[in-house]
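Enquirer: sequence below, structure please.
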Amino acid sequence: MSTSRVYLHTLGMINALGNDVPSIVLALANGQAPGMGTLQTRRGQAFVGQVMASLDCAPAASLAHYDCRNNRLLLAALAQIRPAIEAARERYGARRIGVVLGTSTSGISAAEAALAQHAKAGELPASFDYRQMEIGTAAPFAAAALDLQGPAFTVSTACTSGAKAVVSARRLLDLGLCDAVVAGGVDSLCELTLQGFASIESTSVTRMNPMSRNRCGINIGEGAAVFLMSRDEGPVVLAGAGESSDAHHISAPDPHGIGAEHALRAALDDAALAPSSIGYVNLHATATRKNDQMEAHLMSRIFPDGVAASGTKPLTGHQLGAAGANELGLAWLTLARDDVALPRHLWDGTPDAELPALDLVETERHLPRHAGAQYVMSNSFAFGGSNVSVILGR
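Expert: Predicted coordinates:
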């Protein structure tokens, strides 16, 4: 259990919905995602969630060896909260601010382009540097770009990475190792993930369809979401978190959801809350046969009286290492802003008779406004049996 109250103060986000928080809020209200669509890959077409921004935010010259699409996505998100980060640096000093980020791709797309040129011309491009693709460099790069000198490390646990980065940031604050932490996740589209998921028959050639009888796989996405976290009181508190690792299978979830259930119940215990206190749940909801089956039964056990829920990946694509942070960001918005409705669950409306019915948010709904505290939950489950649940409160 956390020994201190930790708050998520500001959010920077970029994804298929939009290039910053205001555009994402507008797209959520309209139920539209401009970046969701077909992308031509080396092996055919794929339906993806793509960031549409020009990403002209190149790193400083001293950090040019880190320049890649992944790090430019990260810089675009960081720029949105940079004033708050600079204010924290002035208050606490650079050594007291940490950086924890989740990723699964890093700059692999830069390596793919470099290797393609090598195959064609016999040499790597002069602009390519191994550090662009090294999985651990996201957080150290961000720390250098922000002139921060506290602990900086990258979490890579597949689809739980971004959420686990936020939980890890809370530990740094709990332990007194930092006074503020920049935390979140970033991932970019690359052939490795597009073809890798296609090879295990987990991708859909049309918009993904979570919890439907007709669901047939995910759409890979890209983006970044970052928070500034500290112990200073703010509007949104990290009320509870739970993590587990069941190691059921390298890619398939435990069909009984035992490890996932441990994570959700641990988060509720950490927050000292009953399931009935949760007003909304952002589902992992990958629209694969096995994940949705496991998660629907898990939700019916944890919330027997029902809870408003939605899977938001049809709006962003599955951002893998950034997914947990991005979906936590969408949950954060429902608490931090009165004008943001609960994210809608986009699907074909055809239920699966083998799944318990969930209270899916299909029309405009808001968290009820009342004098008491309000709580939302965001869940992420990953290959290898990694599970994490995070509860935010207002």
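
Enquirer: how about the helices of the stretch 51-200 of the chain, start to end?
Expert: Counting by DSSP state H, counting those that start in this stretch, one finds helices in the stretch 51-200 of the chain at the ranges 69-92, 108-121, 138-146, 161-174, 191-199.

Enquirer: er, the stretch 251-394 of the chain I mean
Expert: For the stretch 251-394 of the chain, the helices defined by DSSP H, counting those that start in this stretch cover 258-271, 289-302, 313-316, 323-336.

Enquirer: I'd like to know which elements the third one is packed against.
Expert: Meaning helix 313-316. With contacts defined as 3 or more C-beta pairs under 8 Å, 6 or more residues apart in numbering; DSSP states H and E, the packing partners of helix 313-316 are strand 36-41, strand 44-49, helix 323-336. Bear in mind the C-beta positions are built from the backbone N, C-alpha and C, glycine included.

Enquirer: out of the ones you listed, deepest packed?
Expert: helix 323-336 (a mean of 28; mean count of other C-beta atoms under 10 Å).

Enquirer: sorry, back to before: and of the helices of the stretch 251-394 of the chain, who's closest to residue 38?
Expert: Among these, helix 313-316 comes nearest to residue 38, with 14.7 Å by C-beta to C-beta.

Enquirer: can you give me the offset of the closest one from its chain's centre?
Expert: In terms of C-alpha atoms, centre = their mean, to the nearest Å, the centre of helix 313-316 is set 11 Å apart from its chain centre.

Enquirer: ditto for stretch 244-262
Expert: Computed by C-alpha atoms, centre = their mean, the chain-centroid distance of stretch 244-262 equals 19 Å.

Enquirer: ditto for stretch 364-374
Expert: Once both centres are worked out by C-alpha atoms, centre = their mean, stretch 364-374 turns out to sit 24 Å from its chain's centre.

Enquirer: first-to-last residue distance for that stretch?
Expert: 18 Å (C-alpha to C-alpha, to the nearest Å).

Enquirer: any chance of the helices and strands packed on helix 313-316 in a markdown table, plus distance to residue 4 and mean pLDDT?
Expert: Output for these, formatted as a markdown table (distance: least, C-beta to C-beta, whole Å; pLDDT from 0 to 100):
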| stretch | distance to residue 4 | mean pLDDT |
| --- | --- | --- |
| strand 36-41 | 39 | 92 |
| strand 44-49 | 36 | 92 |
| helix 323-336 | 19 | 97 |
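
Enquirer: number of residues surrounding the closest residue to residue 64 other than its chain neighbours?
Expert: Once flanking residues are discounted, residue 64 sits nearest to residue 58: 7.6 Å by C-beta to C-beta, 6 or more residues apart in numbering. Residues contacting residue 58 under the criterion other C-beta atoms under 10 Å number 12.

Enquirer: begin at 47 from now on, thanks
Expert: Got it, the first residue is 47 from now on, which makes the last one we talked about residue 104.

Enquirer: wait, what's in contact with residue 104?
Expert: With contacts taken as C-beta atoms under 8 Å, 6 or more residues apart in numbering, residue 104 has the following neighbours: 110, 113, 118.

Enquirer: identify, from those residues, the entry nearest to residue 195.
Expert: When the contacts of residue 104 are compared for distance to residue 195 (C-beta to C-beta), residue 110 comes out closest, at 20.8 Å.

Enquirer: what is the burial count for the closest one?
Expert: Other residues near residue 110 number 11, with proximity taken as other C-beta under 10 Å.

Enquirer: that'll do, ta.
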